[in-house]
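Trainee: Here you go, sequence then predicted model.
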Amino acid sequence: MDKYIGYLQIIAAATLWGLLGPISKYGLQDGITPHELAFWRASLGAVFFILHSAKHNSLTVQRKDIPIFIIFGVLGIAVFFGSYQIAIKHAGAAVSAILLYTAPIWVAIFSRILFKEELSPAKILALGVALTGTGLVCFSGQSGDFSLPLTGIFFGLLSGFTYSLHYIFGKTFLKNYQATTLYAWCLPAGAIALLPWVTFTAYSPVKLAVIVSIAFLCTYLAYYFYCAGLKRLEATQAAIVANIEPVVAAAIAVLWWNEQLSASAYIGGTLVISAVIIIARIPAKPKNAAQPIIDN
């Protein structure tokens, strides 16, 4: 029974992440800038994690780790959140979600360089499949005469790169800290880094609803459920289940926003997701695996 609860928690997290793009488009359509959305996501998300960590007396960290948390907050939070919102604005929620999942390519490369993990034939195959799929998405365009702008492609790929940094960061620090503690420190650093780029607008009820939804549902609850699920499942199992995120994002984008993708874009997206699954199914070595801990 505990295993099935873990599956449900990972599915819940992936579904909440899948809502990010479609919900963000409501705010973008109503005049919120991408950086503004990213700032509020980081700021309010930080508030929820700080309150959670304070309640469980888990805010304390070692002083020597604080500079690293700040650096990750800038790259893994500020750049990641900001680039993903820009990609959504220029390329649409569906394509942005697909490009986001180029992250495993960078994870495989970083793992080989930093952790000396074996780049097996299966990993090489997955990288090739992912790159082929990404190319189809980038150069296919959407249906009709409209082509994807280079801005959307660039920031979509940048979001995938910076998202991959969460794996490297987590592998290093989740052995010693609770997940909520890390986000309680890194999210504020990301918010501060985003602040100089933010132009604040007047807030209508729709804008406020979008901001609160993204911070609470797509940030706090999503990361909370994912880490809680990792307590009950192997990391590989959790990664496979979490691959429903781009599927959810694309499906909702099509249903809510009538985003239409060409056949080659669908094929490319399928290849990217297939590559992620190939990588996820490669068993990790238990002695090197970082086990996230979360205080329930």
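Mentor: Received it, and whenever you're ready, just let me know what you need.

Trainee: Which secondary structure state does Asn176 sit in?
Mentor: Secondary structure assignment for Asn176 (DSSP: H, G, I helix; E, B strand; the rest coil): coil.

Trainee: What is the neighbour count of it?
Mentor: Counted with other Cβ atoms under 10 Å, the neighbours of Asn176 add up to 13. In this view, the C-beta of every residue, glycine as well, is placed from N, C-alpha and C.

Trainee: Please read off the pLDDT at it from the model.
Mentor: Looking at Asn176, its pLDDT reads 86.

Trainee: tell me how far the ends of stretch 166-179 are from each other?
Mentor: End-to-end distance for stretch 166-179, by Cα to Cα, to the nearest Å: 11 Å.

Trainee: what about that stretch, distance to the chain center?
Mentor: 15 Å (Cα atoms, centre = their mean, to the nearest Å).

Trainee: ok, and for it, which residues are buried?
Mentor: Neighbour counts over stretch 166-179 (16 or more other Cβ atoms under 10 Å) mark 166-171, 173-174, 177-179 as buried.

Trainee: which two in these are spaced the farthest apart?
Mentor: Pairwise distances across those peak at 18.3 Å for Ile168 and Gln178 (criterion: Cβ to Cβ).

Trainee: Among the buried residues of stretch 166-179, which are located in helices?
Mentor: In helices, defined here by DSSP state H, the members of those are 166-171, 173, 179.

Trainee: now those as CSV including pLDDT and distance to Ala91?
Mentor: As requested, these are exported to CSV (pLDDT from 0 to 100; distance: Cβ to Cβ, whole Å):
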residue, pLDDT, distance to Ala91
His166, 80, 21
Tyr167, 75, 24
Ile168, 80, 26
Phe169, 83, 26
Gly170, 74, 27
Lys171, 73, 30
Phe173, 84, 32
Ala179, 84, 30
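
Trainee: Need these in CSV (columns: distance to Ser53).
Mentor: CSV is the format used below for these (distance: Cβ to Cβ, whole Å):
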residue, distance to Ser53
His166, 18
Tyr167, 22
Ile168, 22
Phe169, 17
Gly170, 16
Lys171, 21
Phe173, 14
Ala179, 10
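
Trainee: So which of those is the closest to Gln85?
Mentor: His166 (16.9 Å).

Trainee: For that closest one, give its distance to Leu100.
Mentor: As for His166, its distance to Leu100 is 12 Å (criterion: Cβ to Cβ, to the nearest Å).

Trainee: same check, this time on Tyr226
Mentor: 15 Å.

Trainee: next one: Pro246
Mentor: Counting by Cβ to Cβ - Pro246 and Leu100 are separated by 7 Å.

Trainee: likewise Tyr167?
Mentor: Tyr167 is 13 Å from Leu100, by Cβ to Cβ.

Trainee: now do Gln260
Mentor: 20 Å.

Trainee: next one: Gly135
Mentor: Computed as Cβ to Cβ, the Gly135 to Leu100 distance reads 16 Å.

Trainee: Of the two, give the one with the bigger neighbour count.
Mentor: Leu100 (29 against 13).

Trainee: Was I right to think the more buried one contacts Leu158?
Mentor: No: when contacts are counted by Cβ atoms under 8 Å, Leu100 is not listed as touching Leu158 (9.9 Å).

Trainee: what's the overlap in contacts for those two?
Mentor: Common neighbours of Leu100 and Leu158 (criterion: Cβ atoms under 8 Å, 6 or more residues apart in numbering): Ala87.

Trainee: quick one: the helices in the stretch 1-150 of the chain?
Mentor: 2-18, 20-29, 34-55, 66-72, 80-91, 93-100, 103-115, 121-140, 150-173 (DSSP state H, counting those that start in this stretch).

Trainee: Just want the most central residue of this structure.
Mentor: Residue closest to the average C-alpha location in the chain (Cα atoms, centre = their mean): Tyr163, at 5.5 Å.

Trainee: where does Ser53 land on pLDDT?
Mentor: pLDDT recorded at Ser53 is 94.

Trainee: er, Val107 I mean
Mentor: 78.
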